[in-house]
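In: no sequence on this one, just coordinates:
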């Protein structure tokens with residue numbers, strides 16, 4: 001409870017601290033808090049004098065604004081006691097990286113497949129203050145990272161290799177409360193790496209685009225993933241990465257007398273939803 005700065009009654013203070021029977025002595029050992037962020041608490045002494053005026057303009061609880069990170073898989077969040085508003089920051093899920101292209105191997109001719117592109121980072125929304133009522137539920141759609149693409153098969157003899165497949169996009173994160181809705185989209189998946197030919201290594205896949213903000217209001221832009229790079233013979237190359245996106249894996253390596261299948265891309269990272277509870 002926020003106490004008045006004048007004309008404060010003993011019954012009001014005792015009720016705030018659940019003190020019964022109501023008395024000044026029953027308030028000993030209780031804490032009063034200053035109305036600033038961060039707040040400072042003072043304990044009423046067990047012995048010695050104190051007055052009802054010590055509670056003027058103070059709080060019966062700590063009113064310091066407190067962050068809360070939503071766990072993965074959460075579908076709703078309850079507004080805590082004493083909260084009067086919240087702000088929220090949402091990051092969309094990162095896109096998965098592309099799979100890597102298959103290598104080429106015929107006799108002593110060996111070429112590596114291209115690396116998959118990195119997935120794009122999810123969009124970040126800036127905080128927006130929203131009035132809230134304790135005990136009400138806030139709807140949440142938690143943002144998840146996209147899966148990495150599959151690696152392509154290698155070339156050998158008359159068998160033509162295949163490129164890697166693209167990674168999937170990360171999912172959007174959304175918060176809904178009364179008439180308020182805020183969404184941050186996930187990043188796109190990276191493109192698959194190209195397969196190797198008889199004379200050239202595979203091309204690198206393109207990076208996935210960064211996520212975008214789908215609702216009105218301020219939001220940070222995400223950077224697209226870097227392109228993967230073609231691998232040198234026998235040396236798989238690293239793929240690109242960006243933001244919360246998964247990075248591309250190495251190109252499909254090749255070996256004498258065998259096919260070099262490309263490896264799968266990496267999954268994008270989950271996004272996040274972070275509330276800050278406002279008490280004053």
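Out: Structure's in. What do you need? Please read all numbers here as calculations on a predicted model, not as lab measurements.
In: burial measure for residue 33, as a count.
Out: Number of residues near residue 33 (other Cβ atoms under 10 Å) recorded here: 20. In short, each C-beta sits where N, CA and C put it, glycine included.
In: which residues pair with it across the strands?
Out: Using DSSP bridges, the bridge partners assigned to residue 33 are residue 41, residue 59.
In: Could you check how far it is from residue 140?
Out: Using Cβ to Cβ, to the nearest Å, residue 33 is found at 29 Å from residue 140.
In: neighbours around residue 18, how many?
Out: Neighbour count for residue 18, taken as other Cβ under 10 Å: 9.
In: Then residue 83?
Out: Other residues near residue 83 come to 22 when the count uses other Cβ under 10 Å.
In: Enumerate every residue touching it.
Out: With contacts defined as Cβ atoms under 8 Å, 6 or more residues apart in numbering, the neighbours of residue 83 are 132, 134, 277-279.
In: 10 Å - rerun?
Out: Contact partners of residue 83, counting by Cβ atoms under 10 Å, 6 or more residues apart in numbering, are 63, 65-66, 131-136, 275-279.
In: Please apply the same query to residue 172.
Out: Contacts here follow Cβ under 10 Å, 6+ apart; on that basis residue 172 touches 90, 92-93, 122-123, 141-144, 183-186, 211-212, 214, 271.
In: Equivalent analysis for residue 87, please.
Out: Per Cβ under 10 Å, 6+ apart, neighbours of residue 87: 65, 67, 126-130, 274-278.
In: Please report how far it lies from residue 279.
Out: According to Cβ to Cβ, residue 87 stands 12 Å off from residue 279.
In: go on, residue 177?
Out: As judged by Cβ to Cβ, residue 177 and residue 279 stand 17 Å apart.
In: so residue 7 makes contact with residue 56?
Out: Yes. Here residue 7 reaches residue 56: they are 9.4 Å apart, a contact under Cβ atoms under 10 Å.
In: okay, these two: which has more neighbours?
Out: Remark: of residue 7 and residue 56, residue 56 carries more neighbours, 14 against 7, as counted by other Cβ under 10 Å.
In: Need the nearest residue in space to that one, chain neighbours excluded.
Out: In space, residue 56 comes closest to residue 5 once its chain neighbours are excluded; the distance is 5.0 Å by Cβ to Cβ, 6 or more residues apart in numbering.
In: Report the residue ranges of every domain in the chain.
Out: Domain assignment of the chain by automatic domain parsing yields the ranges 10-55, 65-280.
In: what's the closest of those domains to residue 1?
Out: When these are compared by Cβ to Cβ, domain 10-55 sits nearest residue 1, at 3.9 Å.
In: ok now that closest one, how far from the chain's centre?
Out: 40 Å (Cα atoms, centre = their mean, to the nearest Å).
In: Likewise for stretch 67-77?
Out: The gap between where stretch 67-77 is centred and where its chain is centred comes out at 11 Å by Cα atoms, centre = their mean.
In: I am finished for the moment; much appreciated.
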